[in-house]
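Chemist: Show me how the following folds:
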Amino acid sequence: MAPMKLYGAPLSWNVTRCVVVLEEAGSDYEIVPIDFGTGEHKSPEHLARNPFGQVPALLDGDLYLWESRAICKYACRKNKPELVKDGDLKESALVDVWLEVEANQYSAALSPILYQCIVFPMLGGTTDQKVVDENLEKLKKVLEVYEARLTKFKYLAGDYLSVADLTHASATLCLAATPYASLFDGYPHVKAWWTGLMARPSVQKVAALMNPSA
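Modeler: From the prediction side, this is the model:
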């Protein structure tokens, strides 16, 4: 059977969020680059893959999927269902809770920092420090909740690795390229959790993809 195709750029943490999980699940896939510079993401061909003209998009057989966390859950269900705890109502519900936390609390605070510190300067813009500071305060409050949770469990959903941990990896890797790379030092259990994730081959693969010159 043909490998799944993941459309997007490795510099996008939405795309590499999927790569971490595809790697961890042992999926057969390939990355198909999309050129934003030429507007390929708005082409009719790509709009057929993702009607919002964004990345990522995944093709598996005749099935197109978009939205990175939906792609992540699909890859787990297909190749490694233990990462979403299929078959256990309580554990799968906790995985879902922490996936929502990652999207709506953690990444909601972290993404504006990454845009201000990395993306906008890369495009010739300047960093709005007020936006950075506001979101740093939000992120610190989120990390306080994580610290409390991780004093009780090894991973976010429980004492088992899940997709809810893995979806944090790509954006958190980008934090190292900002002035706030040492942020986790103030949260020892969060730092230990992140150090463990960083040691996984799936996360190391994405770190290399996002920083090919390293």
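
Chemist: By residue count, which helix of this protein is the longest?
Modeler: The residue-count maximum for a helix in the chain (DSSP state H) belongs to helix 129-150.

Chemist: So what's the gap between the lowest-mean-pLDDT helix or strand in the chain and the chain middle?
Modeler: Taking mean pLDDT, DSSP states H and E as the measure, the helix or strand of the chain with the lowest value is helix 120-122, at a mean of 89. Distance of helix 120-122 from its chain centroid, counting by C-alpha atoms, centre = their mean, to the nearest Å, is 20 Å.

Chemist: again, but for stretch 105-112
Modeler: Centre to centre, stretch against its chain (C-alpha atoms, centre = their mean), the figure for stretch 105-112 is 11 Å.

Chemist: Show me what counts as buried in stretch 59-71.
Modeler: 59, 60, 65, 66, 67, 68, 69, 71 (16 or more other C-beta atoms under 10 Å). To be clear about C-beta, it is placed using only N, CA and C from the backbone, and glycine gets the same treatment.

Chemist: Tell me which of the residues you listed fall in helices.
Modeler: Using DSSP H, the buried residues of stretch 59-71 in helices are 68, 69, 71.

Chemist: distance of the first one from residue 51?
Modeler: Which is residue 68. According to C-beta to C-beta, to the nearest Å, residue 68 and residue 51 sit 15 Å apart.

Chemist: the strands in the chain, which residues?
Modeler: Secondary structure of the chain, counting by DSSP state E: strands at 4-7, 29-32, 57-60, 63-66.

Chemist: Turn these into TSV, including distance to residue 22.
Modeler: Below are the strands of the chain laid out as TSV (distance: least, C-beta to C-beta, whole Å):
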stretch	distance to residue 22
strand 4-7	7
strand 29-32	5
strand 57-60	9
strand 63-66	12
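
Chemist: would you turn those strands into TSV with distance to residue 165 and mean pLDDT?
Modeler: Formatted as TSV, the strands of the chain follow (distance: least, C-beta to C-beta, whole Å; pLDDT from 0 to 100):
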stretch	distance to residue 165	mean pLDDT
strand 4-7	20	98
strand 29-32	20	97
strand 57-60	21	98
strand 63-66	21	98
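
Chemist: what's the neighbour count on residue 15?
Modeler: 25 (other C-beta atoms under 10 Å).
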